[in-house]
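In: the following comprises the amino acid sequence and a computationally predicted model.
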Amino acid sequence: MEILLARESGFCFGVRRAVKIAYEAKEKWGQVYTYGELIHNRQFVDKLEKDGIKAVNSPDEIPSGAVVIIRSHGISPQEEKILKSRFKVIDATCPYVKKSQKIAAKEVRSGKELVIFGDQTHPEIKGILGYTQGAGMVISNPEDTPNLPYSLRRATISQTTNDLEEYKKFVGGLLENTERLTVHQTICSSTLEKHRSARKIAAEVELMLVIGGKHSSNTRKLYRACKKIQPNTYHIETPEELDLIEWRKYERIGLSAGASTPDFIIKAVMEKLKEEGND
Ligand code: SF4
């Protein structure tokens, strides 16, 4: 059996950076807190907590004056202000997300209607909306853009982890009802490369496995992108879930993993495939 791992798999630049910042802070100050889970992966969040890096969902869960880390998704300026008034804040927002926040604020200030392609329940998008003073509109489905009312001046950005093909469709819909449209390419290069390399592998194998948390939005998008190329694609979170798939009958299996999937899980899946595939 041949196992092909997509070149860009697992932790992205922004997640690696945030994890590094968190461990450095822990070294320096002892127990630290992350505002929200540092990454959407249960196994890794448990490991971080054991190592003294605890995820909290509200400032009220953090002792006064403690060290709080803003994760790679970023937060709204309003939330940041509250945190800074009560704690020592370390900002690990990914630079790509920062770029989107700045663009959103600038376009709204210049009087354009801002349409964001993304999931409005996702922390990255909630944070970006905070920079638009309530003037940003979020749309998650490219099919919905042609139905928007006509606008003279619009700008658009995408969530950093969206699929480029989907964003092109989204923009195409906006062109139908916008006189002057400013398009910002805000999908990060890590996502672009991850999708590109996963698609390439998906086209070459009989079975494609996308590894990552079931709640990880970027893993779900990666899974959907691969499924379009290879219908025999599965999203798994742990090596144990391989038991639910009839993978032994295939000669070529492809693997990719979301931006929040730790290396140890990718490795464990590969080992299980290798060991049991040769039984
Ligand atoms: S997916 Fe991209 S934007 Fe998001 S944290 Fe990773 S590198 Fe940054």
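Out: Structure's in. What do you need?
In: show me which residues of the stretch 51-200 of the chain are close to the ligand?
Out: 72, 94, 96, 97, 160, 161, 188, 190, 191 (CB under 6 Å from any ligand atom). (C-beta placed from N, C-alpha, C; glycine too.)
In: quick check, the first one in contact with residue 95.
Out: Right, the one you point to is residue 72. No: in terms of CB atoms under 8 Å, residue 72 does not count as a neighbour of residue 95; the distance is 9.4 Å.
In: more neighbours, these two?
Out: The neighbour comparison of residue 72 against residue 95 (other CB atoms under 10 Å) goes to residue 72, with 27 against 11.
In: what sits against the more buried one?
Out: Contacts for residue 72 were tallied using CB atoms under 8 Å, 6 or more residues apart in numbering; they are 14, 15, 17, 18, 38, 39, 92, 93, 94, 97.
In: confirm that it sits in a strand.
Out: No: applying DSSP: H, G, I helix; E, B strand; the rest coil, one finds residue 72 to be coil, outside a strand.
In: quick check: it vs residue 8, distance?
Out: Counting by CB to CB, to the nearest Å, the separation of residue 72 from residue 8 is 16 Å.
In: again, but for residue 89
Out: Using CB to CB, we find residue 89 at a distance of 31 Å from residue 8.
In: kindly report the same for residue 36.
Out: 25 Å.
In: same thing with residue 212?
Out: Residue 212 sits at a distance of 13 Å from residue 8 (criterion: CB to CB).
In: neighbour count: these two, which is higher?
Out: residue 212 (29 against 19).
In: burial of the residue in the stretch 1-150 of the chain positioned nearest to the ligand, as a residue count?
Out: Nearest residue of the stretch 1-150 of the chain to the ligand: residue 14, at 2.4 Å (CB to the nearest ligand atom). For residue 14, the count of nearby residues is 26 (other CB under 10 Å).
In: spit out the contact partners of it.
Out: 72, 94, 95, 96, 97, 188, 190, 259.
In: ok so, going back, secondary structure and pLDDT added to the residues of the stretch 51-200 of the chain next to the ligand, as JSON lines?
Out: Listed next are those as JSON lines, based on DSSP: H, G, I helix; E, B strand; the rest coil; pLDDT from 0 to 100:
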{"residue": "72", "secondary structure": "coil", "pLDDT": "95"}
{"residue": "94", "secondary structure": "coil", "pLDDT": "97"}
{"residue": "96", "secondary structure": "helix", "pLDDT": "98"}
{"residue": "97", "secondary structure": "helix", "pLDDT": "98"}
{"residue": "160", "secondary structure": "coil", "pLDDT": "97"}
{"residue": "161", "secondary structure": "coil", "pLDDT": "94"}
{"residue": "188", "secondary structure": "coil", "pLDDT": "97"}
{"residue": "190", "secondary structure": "helix", "pLDDT": "95"}
{"residue": "191", "secondary structure": "helix", "pLDDT": "95"}
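In: now the residues you listed as JSON lines including distance to residue 138?
Out: JSON lines is the format used below for those (distance: CB to CB, whole Å):
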{"residue": "72", "distance to residue 138": "19"}
{"residue": "94", "distance to residue 138": "19"}
{"residue": "96", "distance to residue 138": "18"}
{"residue": "97", "distance to residue 138": "15"}
{"residue": "160", "distance to residue 138": "14"}
{"residue": "161", "distance to residue 138": "14"}
{"residue": "188", "distance to residue 138": "18"}
{"residue": "190", "distance to residue 138": "22"}
{"residue": "191", "distance to residue 138": "18"}
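In: and the longest helix for the chain?
Out: Taking DSSP state H as the criterion, the chain has its longest helix at helix 13-29.
In: and that helix, which residues are buried?
Out: By 16 or more other CB atoms under 10 Å, the buried positions in helix 13-29 come out as 14, 15, 17, 18, 19, 21, 22, 25, 26.
In: quick check: next helix or strand after that helix?
Out: Where DSSP states H and E defines the elements, the next helix or strand beyond helix 13-29 is strand 32-35.
In: that next one - which strands sit beside it in the sheet, and in what orientation?
Out: According to DSSP bridges, strand 32-35 forms sheet pairs with strand 53-56 (parallel), strand 67-70 (parallel).
In: redo these as CSV? Include mean pLDDT.
Out: Shown next, in CSV, are these (pLDDT from 0 to 100):
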stretch, mean pLDDT
strand 53-56, 97
strand 67-70, 98
